[in-house]
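[1] Return a 3D structure for these sequence lines:
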Amino acid sequence: MPGSASFRIVVDTNVVFEGLTKQGRASGLIVDAWLAGLMVVCVSNALAYEYSDVLSRKLSEERWSRVKPVLGQLLSIAQYTNIYFSWRPTSPDAGDDLVIDCAMNAGAIVVTSNIRDFQKAKESLGLQVLTPVQFVEVLASGGKS
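    All right, here's what the predicted structure looks like:
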């Protein structure tokens, strides 16, 4: 794998949610690394909307008002990816198809807590998929396997 600064990843909504709402877990480290610019995080317009939609629905109004500026900061430093080609449907979850489309168009690794819904994309498209813990380990090693 390349050096950490050149990692291109797409972060699944479940990792963004956990990273912004729970302390001391791998997802939180990924959000911190994103804020620090330690990797290139690719998002599409649809995926950015998905992040906002899920967080605003699942969090209380008060908690959403605290998380929303941080999400805005994350999105402001993300690399926006145009979706020129779609592989839908590939996942049983339509939200995961947004992640797959973004990753395939960006040439990026998917980081998700839900590996199962990405199994078909791994097998048929060759998409690289890592859990948050696996990605933090790779990031900490500087990309050395």
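[2] Pull stretch 60-68 out as PDB, backbone CA atoms only.
    Extracted in PDB, the C-alpha atoms of stretch 60-68 (Å, rounded to 0.1, in the frame of the first residue of the first chain):
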ATOM      1  CA  SER A  60     -31.400  14.500  18.800                       C
ATOM      2  CA  GLU A  61     -31.800  18.000  17.600                       C
ATOM      3  CA  GLU A  62     -29.300  19.200  20.300                       C
ATOM      4  CA  ARG A  63     -26.700  16.600  19.400                       C
ATOM      5  CA  TRP A  64     -27.100  17.200  15.700                       C
ATOM      6  CA  SER A  65     -26.500  20.900  16.200                       C
ATOM      7  CA  ARG A  66     -23.100  20.000  17.900                       C
ATOM      8  CA  VAL A  67     -22.100  17.500  15.200                       C
ATOM      9  CA  LYS A  68     -23.200  19.400  12.100                       C
END
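[3] give me the element the closest residue to S86 other than its chain neighbours is part of.
    Nearest residue to S86 in three dimensions, chain neighbours excluded: D101, at 5.1 Å (C-beta to C-beta, 6 or more residues apart in numbering). Where C-beta positions appear, they are placed from N, C-alpha and C, glycine not excepted. Secondary-structure element containing D101, defined by DSSP states H and E: helix 94-106.
[4] buried ones in that helix?
    G95, D96, D97, L98, V99, I100, D101, C102, A103, M104, N105, A106 (16 or more other C-beta atoms under 10 Å).
[5] What segments of this structure are helices?
    Counting by DSSP state H, one finds helices in the chain at the ranges 13-21, 26-35, 45-58, 61-77, 94-106, 119-125, 132-140.
[6] any low-confidence regions in this protein?
    Within the chain, the ranges that satisfy pLDDT under 70 run 1-5, 144-145.
[7] do that again at 90, thanks
    Where the chain drops to pLDDT under 90, the residues are 1-7, 23-24, 85-95, 139-145.
[8] about what we covered before: can you check what angle separates the helix holding D101 from helix 13-21?
    Interaxial angle, helix 94-106 versus helix 13-21 (axes from the mean of the first three to the mean of the last three C-alpha atoms, to 10 degrees): 100 degrees.
[9] Brilliant, that's me finished.
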